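**Q** Please work out how this folds:
(one chain, ligands or ions: 3)
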Amino acid sequence: MTFLTVRPGDSIAPSRIGVLLTNLGTPDDTGYGAVRRYLGEFLSDRRIIEANPAIWQPILRGPILTLRPRRTGRAYRRIWNQERDESPLRTYTRAQGEALAERLAPDGVAVEWAMRYGTPSIASGIAALLQRGCEKVLLLPLYPQYSATTTATANDQAFRALMRLRNQPAVRTVPPFSDHPLYIAALARSVRETLTGLPFVPQRIVASFHGLPRAYVEKGDPYAEECTRTMVALRQALDMDETAMPLTYQSRFGPAQWLEPYTAPLIAGLPAQGVTRIAVIMPGFMADCIETLDEIGNEVRSEFLAAGGTDFALVPCLNAAPATIDLLEGLARQELAGWLPAPSA
Ligand SMILES: C=CC1=C(C)c2cc3[nH]c(cc4nc(cc5[nH]c(cc1n2)c(C)c5CCC(=O)O)C(CCC(=O)O)=C4C)c(C)c3C=C
Ligand SMILES: [Fe+2]
Ligand SMILES: [Fe+2]
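**A** Ligands and ions are numbered 1, 2, ... in the order given. Below is the predicted model:
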């Protein structure tokens, strides 16, 4: 094994604590090549696609990576942050990292952010923390609901980078926060703020989470339970029931059965039941991205309006709102207990 030469405390900075925010990832541009590279890395992760690589890789390298990058590239172009020339997911993850860094700077805590697929890589985030003198590192995957396909693979990637260090920092990981009071408070606030600004009163607030193959849940992935936990707490915070705020799953990929009910058909079926005014919240996404802005904000919206819906609103993801940074700071401080001095009473 070749070891990286970077070591904790390698710089002039004294021993420090570091926090690494990790999110999913995104292509570097919307062109065919960049999207193909990104999807190739993403869909080669065996936490994402569990099928035998001898069977999966020819399918991936054949039809999928030939056809899908064009369609996905078009979707990225519709939502691209032109000002920064990057995807919204990267813009918001950076904003979350910078805002959290400001909150933790008085305690001498360094913050970096990174992506599981694409750039900036998790290895580069860890290297940056080590160069800043961090001897203790907290990994904070930006997924409120645990899944092996998200939280675990982000942490795996960090540990892969740590495997290459002779002198490793001490490491902690943040547990899922699907019903953490600060998370539920941030979601409830975003719903209330959105509703206040709307020219109509929605008859339903449909909650849409990224889906997962049903087989993964049957094999023990706790993701579906985590989503339910979020919804129970959020409905309670907003005094709504399951009819007023149903739980649905979006972003199905491939022919297998995924978690149900599926978001798109449920929403397209609402006008036939007399429900023509809706808002959609996507609580599992900490930042707006192609799945929220395009799949829900464009595709599902058009289907709803074509089916007879009249009013459709998106509740923005938590992004870098002050309540979101309160949540990230709260999570970090909670998990840094014993590393950071206890707050004086
Ligand atoms: C088998 C495939 C997939 C699994 C399992 C999966 C799980 C999963 N993903 C997210 C969050 C995001 N996924 C995003 C994009 C995306 N996801 C898949 C496939 C699976 N996801 C694909 C092919 C894509 C790319 C877009 C496309 O081609 O349709 C994103 C957006 C990234 C961005 O830059 O905007 C997020 C976020 C979760 C939370 C999850 C498991 C619960
Ligand atoms: Fe996904
Ligand atoms: Fe999608």
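**Q** And the strands in the stretch 1-150 of the chain?
**A** 16-26, 110-118, 134-141 (DSSP state E, counting those that start in this stretch).
**Q** Mind listing the strands the shortest one pairs with, and their directions?
**A** Take DSSP bridges as the rule and strand 134-141 pairs in its sheet with strand 16-26 (parallel), strand 170-173 (parallel).
**Q** Look at stretch 207-218 and report the distance between its end residues.
**A** 22 Å (CA to CA, to the nearest Å).
**Q** now do stretch 127-142
**A** Stretch 127-142: ends 19 Å apart by CA to CA.
**Q** Likewise for stretch 314-321?
**A** Terminal-residue distance, stretch 314-321 (CA to CA): 16 Å.
**Q** does that stretch come close to ligand 1?
**A** No - Stretch 314-321 is not in contact with ligand 1 by CB under 6 Å from any ligand atom; minimum separation 9.4 Å. Bear in mind the C-beta positions are built from the backbone N, C-alpha and C, glycine included.
**Q** Would you quantify the distance from the nearest residue to Arg46 once chain neighbours are set aside to ligand 3?
**A** Among residues not flanking Arg46 along the chain, Pro53 sits closest, at 7.2 Å (CB to CB, 6 or more residues apart in numbering). Distance of Pro53 to ligand 3, computed by CB to the ion, to the nearest Å: 23 Å.
**Q** likewise Asp221?
**A** Taken as CB to the ion, the span from Asp221 to ligand 3 is 19 Å.
**Q** Okay, and that residue sits in which element?
**A** According to DSSP states H and E, Asp221 maps onto no helix or strand at all.
**Q** could you check the distance from the closest residue to Glu335 other than its chain neighbours over to ligand 1?
**A** Nearest in space to Glu335, with sequence neighbours left out and distances taken as CB to CB, 6+ apart, is Val174 at 5.1 Å. Distance, Val174 to ligand 1, using CB to the nearest ligand atom, to the nearest Å: 16 Å.
**Q** does Val174 really touch Leu140, like I thought?
**A** Yes - under the criterion of CB atoms under 8 Å, Val174 makes contact with Leu140 at 4.5 Å.
**Q** Could I get the full set of helices for the stretch 101-250 of the chain?
**A** For the stretch 101-250 of the chain, the helices defined by DSSP state H, counting those that start in this stretch cover 122-131, 153-162, 181-196, 214-218, 223-238.
**Q** With ligand 1 as the reference, name the closest of these.
**A** helix 223-238 (5.3 Å; CB to the nearest ligand atom).
**Q** Just give the nearest non-adjacent residue to Leu198, would you?
**A** Of all residues not flanking Leu198 in the chain, Ala313 sits nearest, at 5.5 Å (CB to CB, 6+ apart).
**Q** what does Gly31 give?
**A** That would be Gly73: by CB to CB, 6+ apart, it lies 6.6 Å from Gly31.
**Q** From ligand 1, how far out is the residue nearest to Arg46?
**A** Distance from Pro53 to ligand 1, by CB to the nearest ligand atom: 14 Å.
**Q** so where is the stretch 101-250 of the chain shaky, pLDDT-wise?
**A** Along the stretch 101-250 of the chain, no part satisfies pLDDT under 70.
**Q** Dihedrals phi and psi, Val280?
**A** Main-chain torsions, Val280, degrees, to the nearest 10: phi -120, psi 130.
**Q** Give me the pLDDT value at it.
**A** Val280 carries a pLDDT value of 98.
**Q** Ser344 now?
**A** Predicted confidence (pLDDT) for Ser344: 74.
**Q** Please apply the same query to Pro255.
**A** pLDDT, read off for Pro255, is 89.
**Q** so who does the closest residue to ligand 1 within the stretch 51-200 of the chain touch?
**A** Closest residue of the stretch 51-200 of the chain to ligand 1, CB to the nearest ligand atom: Thr72 (3.7 Å). The contact partners of Thr72, taken as CB atoms under 8 Å, 6 or more residues apart in numbering, are 35, 39, 290.
**Q** can you check Ala123 too?
**A** 157, 160-161, 164.
**Q** most surrounded residue in those residues?
**A** Gln157 (24 neighbours; other CB atoms under 10 Å).
**Q** Relative to Tyr249, how far out is that one?
**A** For Gln157, the distance to Tyr249 (CB to CB, to the nearest Å) stands at 25 Å.
**Q** which residues pair with Ile278 across the strands?
**A** Arg204, Phe312.
**Q** What of Thr248?
**A** Ser208.
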